[in-house]
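[1] Give me coordinates for this.
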Amino acid sequence: MALAALPAWPPLQKGAAGNDVAGLQFLLRQHGGAVTAHAEFDVRTRNAVIAFQQDRGLSADGIVGPATWSRLVISIAPGSAQPDAVRALRFRLRGHGHRTVASDGVFGQATTTAVEDYKAQHRLTGGSTVGATTWQHLLGSAPGPADRPHGRHRQLHGPAPALRRLPPG
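    Sure, this is the predicted structure:
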């Protein structure tokens, strides 16, 4: 059985808002960016993107495209000590219907189970490790019927959880 092509990385720039922007902001924070994760691509987020791009020798245009995303995502697994990357992951998992994962920055059992369920639903490999392919899928695909958790951890569906403003760093 052939696997579906990976979704495209979501292009983001100043003025964008929503879950993908919040994920971007958490990942920028993981890389030392002084940005608040509030789901709005504002001037501060644009400046953090430009600084990140400059530091990595990328085109520093403030637009987050495939080259920037591929350098921004971090491979994480259970027990990872990268709290903002884990927050980005957990926020994206909640956006795909896995409502029981909190955004506390700990890659524990609830996150492990949600990652394994998500990857099984989308025929992704690699166990509970979240690498570039899983990030691209989580960020680039819109939640749909296949993203409603099932089996051992059925959760209720409701409105997306409200974002809390977290201090930088």
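
[2] helices and strands of the chain: which one bottoms out on pLDDT?
    helix 83-95 (a mean of 90; mean pLDDT, DSSP states H and E).

[3] ok, which stretches of this protein are helices?
    Taking DSSP state H as the criterion, the chain carries its helices at 19-30, 43-55, 66-72, 83-95, 109-121, 132-140.

[4] Rebuild the ones you listed as a markdown table, extending it with mean neighbour count.
    Heads up, the C-betas are built off the backbone N, CA and C, glycines and all. Rendered in a markdown table, the data for the helices of the chain read as follows (neighbours: other Cβ atoms under 10 Å):
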| stretch | mean neighbour count |
| --- | --- |
| helix 19-30 | 24 |
| helix 43-55 | 18 |
| helix 66-72 | 18 |
| helix 83-95 | 24 |
| helix 109-121 | 19 |
| helix 132-140 | 21 |
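
[5] Of all the ones you listed, which one comes closest to residue 6?
    With respect to residue 6, and counting by Cβ to Cβ, the nearest of the helices of the chain is helix 132-140 at 5.3 Å.

[6] what's the least confident helix or strand of the chain packed up against?
    Counting contacts by 3 or more Cβ pairs under 8 Å, 6 or more residues apart in numbering; DSSP states H and E, helix 83-95 is packed against helix 19-30, helix 109-121, helix 132-140.

[7] Columns distance to residue 47 on top of those helices, output as a markdown table?
    Below are the helices and strands packed on helix 83-95 laid out as a markdown table (distance: least, Cβ to Cβ, whole Å):
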| stretch | distance to residue 47 |
| --- | --- |
| helix 19-30 | 10 |
| helix 109-121 | 30 |
| helix 132-140 | 21 |
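
[8] can you redo the ones you listed as CSV with mean pLDDT and distance to residue 9?
    Written out in CSV, the entries for the helices and strands packed on helix 83-95 read as follows (pLDDT from 0 to 100; distance: least, Cβ to Cβ, whole Å):
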stretch, mean pLDDT, distance to residue 9
helix 19-30, 93, 9
helix 109-121, 92, 17
helix 132-140, 93, 6
